[in-house]
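> Attaching a predicted model along with its sequence, questions to come.
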Amino acid sequence: MTSAPDPQTLVLVGPMGAGKTSVGRRVARRLGVAFIDTDKRVVAAHGPIPTIFEAHGEEHFRALEREAVATALHDGGVISLGGGAVTDAGTRELLRDHAVVYLLVTPEAVAERILGTGRPLLAGDDPVARWTEIFEQRRNLYDEVATVTFDTSRRPMQRIAEEIVTWRREQR
Ligand code: S3P
């Protein structure tokens, strides 16, 4: 599917717990456009994420995610991606030429956001250590796709959403 960049479309990327969904929803409301969460679309079409990982593995999940990203870009709006979407070269290619906001967060700030959330990649004794390890593996990929970066560690999601909307309006 081709996706000619829609000037209204904005994509949010970043690690698990960075606030992509809560910020994305607020940004969409303020801009008066649709909000799309690609994880939710994958779940609606294929069932729970932990079950997909268990039954078919991560690679299969990345393919379903890539499809969901392509459809979302076609539909347009504010689109929040799962934290690992950028690991897929095909998904990164889809993001080229789109406005991509990278939401960054520190391990200290993310701790309370990720505990007990059932994310399959953070299963185990020390979810924050695992989160940090995964983030280190992916940080260059986030930088690669990002048009702009906002740190969500120490400010309310509401404020960050406002700053993104201001940035977006200055772009056009
Ligand atoms: C993942 C992040 C999750 C979800 C899946 C895999 C990842 O999304 O897509 O559990 O690889 O970082 P969130 O970033 O919304 O938690």
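Right, received. Where do you want to start?
> Just the buried positions in the lowest-mean-pLDDT helix or strand in the chain, please.
For the chain, scoring each helix and strand by mean pLDDT, DSSP states H and E identifies helix 107-114 as the least confident one, at a mean of 91. For helix 107-114, the neighbour count (16 or more other Cβ atoms under 10 Å) marks 109-110, 114 as buried. The C-beta positions use only the backbone N, C-alpha and C, and glycine is treated the same way.
> and what of stretch 63-82?
64-73, 76-82.
> how far is that stretch from where the chain is centred?
In terms of Cα atoms, centre = their mean, to the nearest Å, the centre of stretch 63-82 is set 10 Å apart from its chain centre.
> Just the mean pLDDT for it, thanks.
What stretch 63-82 shows for mean pLDDT is 98.
> what about the least confident helix or strand of the chain, near the ligand?
No. Interface with the ligand: helix 107-114 contributes nothing (Cβ under 6 Å from any ligand atom), its closest point being 8.0 Å away.
> Just give the number of residues close to the nearest residue to Leu115 once chain neighbours are set aside.
Of all residues not flanking Leu115 in the chain, Pro127 sits nearest, at 6.4 Å (Cβ to Cβ, 6 or more residues apart in numbering). Using other Cβ atoms under 10 Å, Pro127 has 20 other residues around it.
> wouldn't Pro127 be in contact with Ile114 here?
Yes. Using Cβ atoms under 8 Å, Pro127 is in contact with Ile114, at 5.6 Å.
> Thr21 and Ser80 touch, don't they?
Yes. Under the criterion of Cβ under 8 Å, Thr21 makes contact with Ser80 at 5.2 Å.
> what's the lengthiest strand in the chain packed up against?
Criterion DSSP state E: the longest strand present in the chain is strand 99-104. Using 3 or more Cβ pairs under 8 Å, 6 or more residues apart in numbering; DSSP states H and E, the elements in contact with strand 99-104 are strand 10-13, helix 127-145, strand 148-151, helix 157-171.
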